[in-house]
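Visitor: mind looking at a prediction? Sequence and model below.
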Amino acid sequence: MRDHPLPPLLRDLFPVRQVSGPVGAVMLQVQHVLDSEIAPTAAARDRAGGYPHQAVAALKATGILALAVPCAWGGLGMAQDLSLELMLRIAVADPAVAQIYKVHDDLVREIFAYAPPDLRQRLAHRIVHDHVILGMAVAENGRTADGFLQTLARPCPDGTHVVSGRKIYATGASGADLIAVSSFDPVRAQRLGSVRAGVRMDLVPRNAPGLVFHHDWDRMGQRATDSGTVTLADVKVDGQWNALDPDAALPQHVALRFQAGFSAILTGIGIGAVRAVCAFVPVRARPWGAAGVDSADQDPYVRRLLGEIGADLFAAYCSVMQAGTMLVQYENGQVSRNAVAMAASAARSVATRAALRAASDAPAAAGARGTDNVNGLDRYWRDARTLSLHDPVDWKNAEIGRHLLTGWEPEPGPYQ
């Protein structure tokens, strides 16, 4: 089987990675699109905001959306560690596009674990042949971040449901072909005496009547995710597109996969910042007079700064890849869920620190000239800081510490 070499991310600190077979071929094509089309226009998308339609269309053409679809359903069945590698590489080019792809990848892996077989077949065909991308409208503005039962599904006599509610942080939804919308059917839940029985996850077409995208995402970073508000006013959903089989066992590592993906994107942001600075310094930065050197890249303090940041990013990369390996091993029944939880939490902790330091401190090597708005170096920090606040990393550190001290194991939940 032919190997496909993915180019190095930061010279030999992140050397060439060999990926074999059809997955490697797609990843190599994605890398070409990232380098030639997406990275050069990332700063402009950041300034403009809104959904990155052209960037996503360019990625669709590579076959990327079928990577996470299991081989049994006509996809390429990409392993989780390679999925994280791909998210990281997209994030180096444009973190907002990476987050949109992450939502699709995560949802595909989740839905194919619990959806009814007939829906899996239909969805696989739409993704593989029609290049359908999935978006997500799950989070709600409840009292706590893990409340998800305010959007209600009302059963109709004809067997359909009407869904009404308000979603926030709907990443990728406004440009998706199908949006995964969670809702709660209290009638069914009461009839069967189970909250779980009332939970739905419907795949809703973007143009469904009553589905409104408010385009109100106005955060300091990740601007091109368009992760704003979505409202549903009596949106009619067909039972055949309810992805959540009421009798299926729910996967216990969904939250851990989500966390590992955030860590991959954060690491990619840090690498992107260092790459931008390393390209700037030898050409445009001025050496400090006391350094006694001819160019800024010869300054020993500049070298030390970027070397330390590079080492931190190397550690973050290794922790992300280890989390991916642990996810694969868990799916094969080789390790416990808690082992994956510790790896995912550790990766999130290390990646958060490395990304924030890279995005904040690496520009110091560029000097005052680096702050020119045309360079766009500020976007790396804005993206890293925004994404790092998705959920508190201090809780990840506390969970690791609690386990080390007492042997405690976190219960599966939306964020642990």
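Guide: Thanks, I have the structure now. All values derive from a computational prediction rather than experimental measurement.
Visitor: with adjacent residues omitted, what lies nearest to Met78?
Guide: Leaving aside its sequence neighbours, Met78 sits nearest to Leu67 (C-beta to C-beta, 6 or more residues apart in numbering; 4.1 Å). The C-beta positions use only the backbone N, C-alpha and C, and glycine is treated the same way.
Visitor: helix or strand next in line after the helix-or-strand element of the chain with minimal mean pLDDT, which one?
Guide: Least confident helix or strand of the chain, by mean pLDDT, DSSP states H and E, is helix 186-192 with a mean of 90. Along the chain past helix 186-192, the next helix or strand (assigned with DSSP states H and E) turns out to be strand 199-205.
Visitor: would you mark the buried spots in that next one?
Guide: Judged by neighbour count using 16 or more other C-beta atoms under 10 Å, the buried positions of strand 199-205 are Val199, Arg200, Met201, Asp202, Leu203, Val204.
Visitor: cool, stretch 379-389 as well?
Guide: Buried-residue list, stretch 379-389, by 16+ other C-beta under 10 Å: Arg379, Tyr380, Trp381, Arg382, Asp383, Ala384, Arg385, Thr386, Leu387, Ser388.
Visitor: centre of the chain to that stretch, how far?
Guide: Averaging C-alpha positions (C-alpha atoms, centre = their mean, to the nearest Å) puts stretch 379-389 13 Å from its chain's average.
Visitor: all strands for the stretch 51-200 of the chain, in order.
Guide: Under the criterion DSSP state E, counting those that start in this stretch, the stretch 51-200 of the chain carries strands at the ranges 134-137, 152-155, 161-167, 178-184, 199-205.
Visitor: hey, which of those is tucked in deepest?
Guide: Comparing these on average neighbours per residue, with mean count of other C-beta atoms under 10 Å, the densest one is strand 134-137 at a mean of 28.
Visitor: which residues outside it are in contact with it?
Guide: 100, 103-104, 107-108, 111, 127, 167, 170-182, 203, 206, 230, 232 (C-beta atoms under 8 Å, 6 or more residues apart in numbering).
Visitor: buried subset of those?
Guide: Among these, those that count as buried by neighbour count (16+ other C-beta under 10 Å) are 100, 103-104, 107-108, 111, 127, 167, 170-182, 203, 230, 232.
Visitor: what's the burial count for the closest residue to Asn338 other than its chain neighbours?
Guide: Taking C-beta to C-beta, 6+ apart, and ignoring the residues beside it in sequence, Asn338 has Glu409 as its nearest neighbour in space, at 4.2 Å. As a burial measure, Glu409 scores 14 neighbours (other C-beta atoms under 10 Å).
Visitor: what kind of secondary structure is Glu409 in?
Guide: On the three-state scheme (DSSP: H, G, I helix; E, B strand; the rest coil), Glu409 is labelled coil.
Visitor: how near is it to Ala341?
Guide: The spacing between Glu409 and Ala341, counted by C-beta to C-beta, to the nearest Å, is 7 Å.
Visitor: got it, and Ala25?
Guide: Ala25 sits 33 Å away from Ala341 when distances are taken as C-beta to C-beta.
Visitor: who's more crowded, these two?
Guide: Under the criterion of other C-beta under 10 Å, the comparison of Ala25 against Ala341 puts Ala341 first, with 27 against 16.
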